[in-house]
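Chemist: Got a sequence here, can you model it:
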Amino acid sequence: MTHSQTTASTPTGDDGQPPSTIEGLRELMIKVGRGQSDIHLGPKALAALGKILNLQGDPALFSITTLADRLEVNASTITRLARNLGYPGFSAFQDVLIKASISSPGEFYSKKAQQTLQSRDAPSLSKVSQLCHESQANIDRLIETFDITAFDHAVSMITNAPRICLYGIRQFHAFASFLTYGLRMIRSDVNLLDSNALGLAEGMAQYSSDDLFIAGSCAPYSVQTVKATQAAHEHGMRTLVITDTLASPLVKFSDEALFSPHQTSFISNSISTFMLLAECIINGCAAAAPAATQKAIEDRDRLIKMMQIEM
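Modeler: Modelled structure (predicted):
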């Protein structure tokens, strides 16, 4: 099953029981967020669930008190959330979370970062090592939670779309620009929406229901990106979002969603793992159409040589 739009379903699995895996919880959360489940969660509860599912490998999952402190909610809120999801209590919910957290490689890097921070002899090295180890942990979490079905569906959407427009602002403008550049290496009709500041509405009006809209954002989410994604969805375009958690407001308006962790000590949102995911998407699309990719790259190289762009 992918994260694409589906018809309404029961709040639990096919066997009438609550999800027994993290993957099942993610699928259920997407349905709840899109109003496709009998379960109804408020915005705060939905956000809490998204944060919990993003804590894979975190020791906070082993204690409801510690988890509540991490989420800045009451322990009773987590208990109610577990019961609303169909579990008899927090313990049953916790069993699913811990099962997916055992032997998490991300914990190794967290420990290494803490060891580095304890060194007083090289403060600059400590800070650099901490940030690098945190990024390594994010990469591990990306692999641990990687949804191959959703990824393949995203590649298919990109490969089969007649035209593609991408959108992102602030830091995610760099992400959207990089993904645009990479996809243009292997296919035509890929454009950065509103790159010339002529207006979002004017740019989106050029696209039809067969075309694809791709957007990226993470918490705290840019209101403009959420509104643009909603507008593309309501305009009838296919929508692919690259975001951080299932609680992202972009997911509600997506036909498919890919997720990337970004928790680091960087002074702003870290997008290093998002950029890596963009590389994976580009490579995936290239591999999906090898003959067309080869021709496109050969044509590009020929023009680069003719125009003496590279030395």
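
Chemist: Which secondary structure elements does the one helix or strand S129 maps to sit against?
Modeler: Counting by DSSP states H and E, the element that carries S129 is helix 123-144. Contact analysis of helix 123-144 by 3 or more C-beta pairs under 8 Å, 6 or more residues apart in numbering; DSSP states H and E lists helix 106-117, helix 272-288 as its packing neighbours. C-beta: built from backbone N, CA, C; applies to glycine.

Chemist: For this structure, which segments count as helices?
Modeler: If DSSP state H is used as the criterion, the helices of the chain fall at 22-33, 43-53, 64-71, 75-84, 90-99, 106-117, 123-144, 148-160, 171-184, 200-204, 223-234, 272-288, 290-306.

Chemist: Need these in CSV (columns: mean neighbour count, mean pLDDT and distance to E256).
Modeler: Formatted as CSV, the entries for these read as follows, by neighbours: other C-beta atoms under 10 Å; pLDDT from 0 to 100; distance: least, C-beta to C-beta, whole Å:
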stretch, mean neighbour count, mean pLDDT, distance to E256
helix 22-33, 21, 84, 10
helix 43-53, 19, 84, 17
helix 64-71, 16, 86, 27
helix 75-84, 17, 89, 26
helix 90-99, 16, 82, 24
helix 106-117, 16, 49, 25
helix 123-144, 17, 83, 17
helix 148-160, 17, 95, 5
helix 171-184, 19, 94, 15
helix 200-204, 15, 83, 19
helix 223-234, 18, 93, 12
helix 272-288, 19, 94, 11
helix 290-306, 12, 80, 21
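
Chemist: Nearest to V241 among these would be which one?
Modeler: Taking C-beta to C-beta, helix 223-234 is the member of the helices of the chain nearest to V241, at 6.3 Å.

Chemist: Residues in contact with the closest one: which ones?
Modeler: Taking C-beta atoms under 8 Å, 6 or more residues apart in numbering as the criterion, the residues outside helix 223-234 that touch it are 167-169, 172, 193, 200-201, 204, 207, 213, 215-217, 239, 241, 249-250, 253-254.

Chemist: which of those residues count as buried?
Modeler: By neighbour count, with 16 or more other C-beta atoms under 10 Å, the contacts of helix 223-234 hold 167-169, 172, 193, 200, 204, 207, 213, 215-217, 239, 241, 249-250, 253-254 as buried.
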